[in-house]
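Participant: Make a model of this:
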Amino acid sequence: MRLTSVLFISLAFQMSASVSSQNVTFKGSNLSARKVLSVLKAQTDYVFFYEREILNDFQPVNLNLQNASIETALKSAFANEAISWNIVDKTVFLATKKELPAVKLEVLQIIIKGTVTNEKGEPIPGANVLAKGSTVAVQTDADGNFSINVSNNVTKLVVSFVGMESQEVIIGKNPLIIVLKEEGQNLEDVVINVAYGKSSKKKLVSAIATIDTKEIANAPYTSVVNGLAGRAAGLFVQESGGEYGSLASISIRGGGEPAYYVDGMKASKGEFSRIAASDIENVSILKDAAATALYGFDAANGVVLVTTKRGDNQKIKFSYSGNYAFVTPSLEPKYLTAYEKAIYKNKVYFNDGLPAVYDAEMLNILKNNLDPIAHPNTNAYKELIKPSSAQLAHNLSMNGTVNNTRIFMSLDYFSQDGIFKTGSDLGFKRYAYRSNISHKFEDIGLLVEGNMTLQHSLKVTPPRGSSNILSHVRNWNPGDPFYNPEGNYYGQENPLSEADDRAGYQNDEVNFVKGGLSLGWDVKGVKGLKLSTRGNYVYDSSFYKYFSANQRNAAPSYTWANLLENSGKANINQSTARSLSYNLEAQIDYKNTFFDKHTVELTGVYVQNEANGDNFSASRRDFSSPAVDQLFAGSSVGKDNNGNGYESGSIGYIGRLKYDFNSKYVLEANFRYDGYDGFAPGAKFALFPSVSLGWNVDREEFIKPLMEVVGLSSLKFRASIGKIGSAFGRFSYLSVYNLQNNNYYIGGEYVTGFSEGGLTPSNDAATWTTTESKNVGVDFGFMNNKLTGSFDAFYYRTTGYLGSPASIYTTPLGQGLPQINTDSAFRRGGVELGLNYKTNIDDVKLNIGGNVSYYDQLWEKNANESLTDLKNPYKRSTHQVDYYTNGYISQGLYQSYDQMINSPRRLGATQMYLGDIVYQDFNGDGRLDGDDQVHIGKSSFPHITYGANLNAEYKGFSLAVLFQGTSNRQMYLGDIYRNGINQKNYVIQTDSWTPDNTDALFPRASSFDSVNGSNNIAGSDFWLKDAWYLRLKSLSLSYDLKNFFLKDYKGISNCALSFSGTNLFTISPLNKFYLDPETSSDNNYGYPIGKTFNIGLRTTF
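Facilitator: Next up, the predicted model:
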């Protein structure tokens, strides 16, 4: 479908709408005055004017209004209050009964004009502007502008808006610029997205963190996934190199990859990553079983719940953001020059008792660059890697309401170029279209919502692969030429020729289409009852094409005499995969308050999803020419093709009961009854329940005196326990035969045959793996909730792991043991803390926050562990918190011959010398062997993560800073750091032991990789390095031109110029090894993490 057709149909749908009525239908308990007025204003066209102080003593009320008039609503709300009102046309005036002025018409003599904005400079439509001492009042328009006629004896205006602090303004300069500040945050008004519903923060009893993606959108992140790091407690985000199109890994509290839901429906990480951050309203991180159990077996590792933007209740506006950035590697290794490498190599050979590799004449040539053709002073990194590469992003969106139809639509584009100088076609591009459209049929209470998502991405890399090319950059010997005397590529594994466009390409293309429809009906005549249904259909396809111009995966190479090298012929391999799936949900909700204090919420959901897909691949080789990169051009000899398909399905029955007493005590009970098609009959279904409790202590009378003393605004304790299932071992209960090509040789040719599949259990078929979750937490606020925070302690225990325990089975011949649910148990637990402080200092608005999370884990019982290892506390995995591996404990380097003679050595270690690594004889038996290898190091995945943010706003200027880091992790240096002289190309690697450098970073260098019986490269903690880091993850500074330069342009709401960046600096012990702590390779072969500098423009009109 053409994009223009989609837009046309969307707009046509938006125009068919009706106008809402002026009566009020609403039910709620413990409502504040602000909440009541907010509801009345939202459902009517009336304007409300009042002095803020008259609401200070307002007692919370319970309302149950059904199609009530404005008079009835006001009587119900203020029945027990000393507040009176007058209604003039569409204006309601509130005052204390003894102060209410008589309504009278005044002689209008002057016109006052002005604009009302928030502290960000954004206009506030619908703000109330009252001439003090009179009943003359108006509301601001959609651009925040107003014009009011007053008598010339009026000296002040009173400006108010729900949720903002009212302000008295002296009439002077005309027009006026009036800036309203936010009131202290009321937790009753903060709504959190939860599984299959919403909850006020006050009544939330599960562990959920919410991320506002606005700051992610304002920084040049390559995807919203990579921008989540450091923004929420319990969220561990770890990048693995910086290659374009790559995504960071996400873990919630140290678990595996979580489930993803977009607008309440099941999604993939890929779909989430292709959504523009500016199209997202917020992201909720669901952590404990009370929050995740309703999502079933997808949710054992937590849930990332994404809510995209809907149309605002205002006139249509357009927003555009454009960003141009240049990306540089976060670290640039310092390489040895050709001369420095030659000197160092001669020295190492001398220490090995070998003759020098470079004579004096050659050293002179290298030192003075006398032969730049044959012996150039090459730096492969600078030859191939660009100083910077370009990154572009554009987003155009439409947002607003037309005739009671809410619309949000956006177009998004992102591109990033590759870093290789010789690969002009390399890079990543992403396109996306999104629409969310809803219409409310007020007369019958029916809400219809439709959404459409179109996504396309293309990633182009060299056929050799970026990591392989970067390994050749890393290991290219300085002094070796890239070109022959005629200027053509020369040499094996030449990274310049491998990155050249003529080498070929790998194209990885993704096309994604999703359409959804939902209906929600507030049942008339049944108070609090709502029926809804949702569904979507997803088509996800990918196309991969690998084309290599020759067997070397490189551009044409030549000999030194300029003869073309025979590099073999071109070959091609391409594949396509597609999946089609649908998700259907039917939901019933009931919410009511009884006897003014008892609120009950009931939810029931039926969920069903099915998916099927297939893939196909084909290849050809021995192309006569690389000029034609299509399958037909390859030889028919050796051509191949393959393909397969799949289908899957699951259903779930969901229930939730939530009860609260006067918002003081909250009880929530959930269950999900899950069905999975991959298990045997009788084992397909399982029940996963959860229970959570909350106690809002701040609503207790006994604590209020203490709250006043310490400035406590809110305090809530909560606890939860529950179980979540995971599904593994699909169809493992079935006896199968495998179809195999070329299985038999009959009649002079190979024919297809069958082979026996794996063994199946005779009694216990594989079924659910179960995770028990426990969580306790406290939420608190001080100083009218300017300072808020949450602390949680969590514990997970997973049982039912699949395995083949030797204690049950007799080892068979010819086949592996069948997998069954064992009695293994794995534990994971930790704590997390999040804090946030908001305040205003004169005209400066500050928001300072931080979070820190810690976890560890161990096997309570590992059924697959051998009895021998289990008896050894230094080797067993059972009851051991995370460690890196088993290895020797190093004790420095040999510094004297006496030390060498009196220390035990590894069996097989020969020709030991000063500067070699000393290992501890752990068991004290006088020799070094496998019995001395014990647990060493810390996990490569961080067990501590933290973030700290600072946001400040001042007269149109905005500053956003995020620091992020991890700790309690280590990295094992790769073999290029451990091996011999040929791979020592970094300056840091010359810091090896010599008699003159005994406090060296590395052992003595050698011309052999396996010197001294490989003693120095044996697995040990010598090569384990702390990998903690602190990174300036993002920084953004912007100025809204609307604040001054464009203040008279009414058609523009805001127009901000910004300067921003990501990964601007990093502090880590790994820096000295030129390793980024989030590299994908411990040999530094990974695509470098990018340091990004960006200039952007954001405007709304």
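Participant: just how off-centre is whatever helix or strand residue 599 lives in within its chain?
Facilitator: Per DSSP states H and E, residue 599 falls inside strand 598-621. Between the centre of strand 598-621 and the centre of its chain there are 21 Å (Cα atoms, centre = their mean, to the nearest Å).
Participant: Just the C-alphas of that strand, formatted as CSV.
Facilitator: This file holds the C-alpha atoms of strand 598-621, laid out as CSV (Å, rounded to 0.1, in the frame of the first residue of the first chain):
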residue,chain,number,x,y,z
HIS,A,598,-13.8,0.2,49.4
THR,A,599,-12.6,0.1,45.8
VAL,A,600,-12.7,-3.1,43.8
GLU,A,601,-11.2,-3.7,40.4
LEU,A,602,-11.7,-6.9,38.4
THR,A,603,-10.0,-7.8,35.2
GLY,A,604,-10.4,-10.9,33.0
VAL,A,605,-8.5,-11.4,29.7
TYR,A,606,-8.4,-14.1,27.1
VAL,A,607,-5.2,-14.1,24.9
GLN,A,608,-4.6,-16.1,21.8
ASN,A,609,-1.7,-15.9,19.3
GLU,A,610,-0.6,-17.9,16.4
ALA,A,611,2.4,-17.6,14.1
ASN,A,612,3.8,-19.4,11.1
GLY,A,613,6.7,-18.7,8.8
ASP,A,614,9.1,-20.1,6.3
ASN,A,615,12.5,-19.3,4.9
PHE,A,616,14.4,-20.1,1.7
SER,A,617,18.0,-19.9,0.7
ALA,A,618,20.0,-20.4,-2.5
SER,A,619,23.6,-20.1,-3.5
ARG,A,620,25.8,-20.3,-6.6
ARG,A,621,29.6,-20.0,-7.1
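Participant: What angle do strand 598-621 and the helix or strand following it make with each other?
Facilitator: With elements assigned by DSSP H and E, the helix or strand that comes after strand 598-621 is strand 635-661. Counting by axes from the mean of the first three to the mean of the last three Cα atoms, to 10 degrees, strand 635-661 points 170 degrees away from the direction of strand 598-621.
Participant: quick one: the helix or strand following strand 635-661 to strand 598-621, angle?
Facilitator: Later in the chain than strand 635-661, the nearest helix or strand by DSSP H and E is strand 665-676. Inter-element angle recorded for strand 665-676 and strand 598-621: 30 degrees (by the same axes, to 10 degrees).
Participant: Residues touching strand 665-676, excluding its own?
Facilitator: 195, 203, 205-206, 290, 293-297, 650-660, 684-696, 718, 722, 725, 727, 768 (Cβ atoms under 8 Å, 6 or more residues apart in numbering). All C-beta spots, glycine's among them, are computed from the backbone N, C-alpha and C.
Participant: and the strand holding residue 599, what does it pack onto?
Facilitator: For strand 598-621, the packing partners by 3 or more Cβ pairs under 8 Å, 6 or more residues apart in numbering; DSSP states H and E come out as strand 571-594, strand 635-661.
Participant: and those, which is most packed in?
Facilitator: Most buried of the helices and strands packed on strand 598-621, by mean neighbour count (mean count of other Cβ atoms under 10 Å): strand 571-594, with a mean of 17.
Participant: Mean confidence (pLDDT) on it, please.
Facilitator: Throughout strand 571-594, pLDDT has a mean value of 95.
Participant: gap between it and the chain center?
Facilitator: With Cα atoms, centre = their mean as the basis, strand 571-594 stands 20 Å off its chain's centre.
Participant: Show me what that strand is packed against.
Facilitator: Strand 571-594 packs on strand 24-31, strand 265-267, strand 529-548, strand 598-621, going by 3+ Cβ pairs under 8 Å, 6+ apart.
Participant: Taking their axis directions, the next helix or strand after the first one and strand 24-31 sit at what angle?
Facilitator: Right, strand 24-31. Next in sequence after strand 24-31, counting helices and strands by DSSP H and E, comes helix 33-43. Here the directions of helix 33-43 and strand 24-31 differ by 170 degrees (the same axes, to 10 degrees).
Participant: how far does helix 33-43 sit from the chain's center?
Facilitator: Distance, centroid of helix 33-43 to centroid of chain: 36 Å (Cα atoms, centre = their mean).
Participant: Show me which residues of stretch 978-990 are buried.
Facilitator: Of the residues in stretch 978-990, 978, 979, 980, 981, 983, 984, 985, 986, 988, 989, 990 count as buried by neighbour count, 16 or more other Cβ atoms under 10 Å.
Participant: Please apply the same query to stretch 514-530.
Facilitator: Using 16+ other Cβ under 10 Å as the burial criterion, the residues of stretch 514-530 that qualify are 514, 515, 516, 518, 520, 521, 522, 528, 529, 530.
Participant: just to revisit the earlier point, can you tell me the strand partners of the strand holding residue 599 and which way each runs?
Facilitator: Neighbouring strands of strand 598-621 in its sheet, by DSSP bridges, are strand 571-594 (antiparallel), strand 635-661 (antiparallel).
Participant: now the angle from it to strand 529-548?
Facilitator: Using the same axes, to 10 degrees: strand 598-621 against strand 529-548 is 20 degrees.
Participant: helix, strand or coil for residue 393?
Facilitator: Put simply, residue 393 is strand when judged by DSSP: H, G, I helix; E, B strand; the rest coil.
Participant: what sits against the residue most central in space within the chain?
Facilitator: Closest residue to the average C-alpha location of the chain: residue 225 at 3.0 Å, with Cα atoms, centre = their mean. Applying Cβ under 8 Å, 6+ apart to residue 225 gives the contacts 237, 247, 248, 250, 269, 272, 273.
Participant: try 10 Å this time
Facilitator: Contact analysis of residue 225 by Cβ atoms under 10 Å, 6 or more residues apart in numbering lists 216, 237, 239, 246-250, 260, 269-270, 272-275, 277, 304.
Participant: circling back: right, so of the helices and strands packed on strand 571-594, which gets closest to residue 827?
Facilitator: Each of these has some distance to residue 827 by Cβ to Cβ; the shortest is strand 265-267, at 28.6 Å.
Participant: For the host helix or strand of residue 900, what is the distance to the chain centroid?
Facilitator: Residue 900 is part of helix 897-901 when elements are defined by DSSP H and E. Offset of helix 897-901 from its chain centre (Cα atoms, centre = their mean): 54 Å.
Participant: Thanks a lot, see you next time.
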